[in-house]
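Novice: structure of the sequence below:
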Amino acid sequence: MSLELILFIVFGGIAAVSAVLTITRSNPIISALFLILNFAGLAGLYLLLNAQFIAVVQVIVYAGAIMVLFLFVIMLLKPEKEKLFSTHPQLKIFALIIAALVFVQIAYMIFLSHPDTANANVAASVKAGTVEQIGRELYTNYVLPFEAAGYLLLAATIGALVLAKKKFE
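Specialist: Reported below is the predicted structural model:
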């Protein structure tokens, strides 16, 4: 067994087990913590695919910023008062049917499909996910949309500050 295969099994196992634990826990805080573990496992899988930038963004943006937002909303809503499946038992049956269909599709893709064995563009795909290649594309071919997005975010930030300042006065 190669190191790459061992790491794939470890990171894939972490991602799969933490995904199941995320949706099966009754405590939403514990579910959110398993979701962070899932994001870390996915970041490891992205590193194995030579997509370093996506792996770093996965950890910083999703496991950092988005999970803080999720935890804030969870604490704000007090989900212990919400009982979705106890009031609608048919919704639980529908969710189980959808989960079984998704499981059958994934099993079909893993065991019965035959992926294309031609690896003509392997070298190009290895370079595609690096920070250097993404930066080169952003600052050469896509500099105008990149700057436009920056100005749009700046305008949105200034607008949010102006609206917040009016409420404080």
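
Novice: so who does residue 21 touch?
Specialist: By CB atoms under 8 Å, 6 or more residues apart in numbering, the contact list for residue 21 reads 31, 34. Glycine gets a C-beta too; all of them are placed from N, C-alpha and C.

Novice: at 6 Å what do you get?
Specialist: residue 34 (CB atoms under 6 Å, 6 or more residues apart in numbering).

Novice: gap between it and residue 34?
Specialist: Applying CB to CB, to the nearest Å, the value for residue 21 to residue 34 is 4 Å.

Novice: likewise for residue 160?
Specialist: Counting by CB to CB, the gap from residue 160 to residue 34 is 32 Å.

Novice: more neighbours: which of the two?
Specialist: residue 34 (18 against 10; other CB atoms under 10 Å).

Novice: next, count neighbours for residue 111.
Specialist: Counted with other CB under 10 Å, residue 111 comes out at 7.

Novice: got it, and residue 96?
Specialist: 10.

Novice: and the protein, what are its domains?
Specialist: 1-102, 130-169 (automatic domain parsing).

Novice: mean pLDDT and distance to residue 112 added to those, as JSON lines?
Specialist: Output for the domains of the chain, formatted as JSON lines (pLDDT from 0 to 100; distance: least, CB to CB, whole Å):
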{"stretch": "domain 1-102", "mean pLDDT": "84", "distance to residue 112": "16"}
{"stretch": "domain 130-169", "mean pLDDT": "83", "distance to residue 112": "34"}
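
Novice: now distance to residue 109 too, for the ones you listed, in TSV please.
Specialist: Converted to TSV, the domains of the chain look like this (distance: least, CB to CB, whole Å):
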stretch	distance to residue 109
domain 1-102	11
domain 130-169	28
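
Novice: which parts of the chain are helices?
Specialist: Remark: helices assigned in the chain by DSSP state H are 3-24, 28-48, 52-57, 67-77, 84-87, 89-111, 122-128, 131-140, 143-168.

Novice: pick the most deeply packed of those.
Specialist: Compared across the helices of the chain, helix 28-48 shows the largest average neighbour count, a mean of 18 (mean count of other CB atoms under 10 Å).

Novice: how much space separates the nearest residue in space to residue 45 that is not next to it in sequence from residue 136?
Specialist: Spatial nearest neighbour of residue 45, chain neighbours left out: residue 11 (4.9 Å); criterion: CB to CB, 6 or more residues apart in numbering. Distance, residue 11 to residue 136, by CB to CB: 28 Å.

Novice: then residue 40?
Specialist: 28 Å.

Novice: ok, now residue 23?
Specialist: 39 Å.
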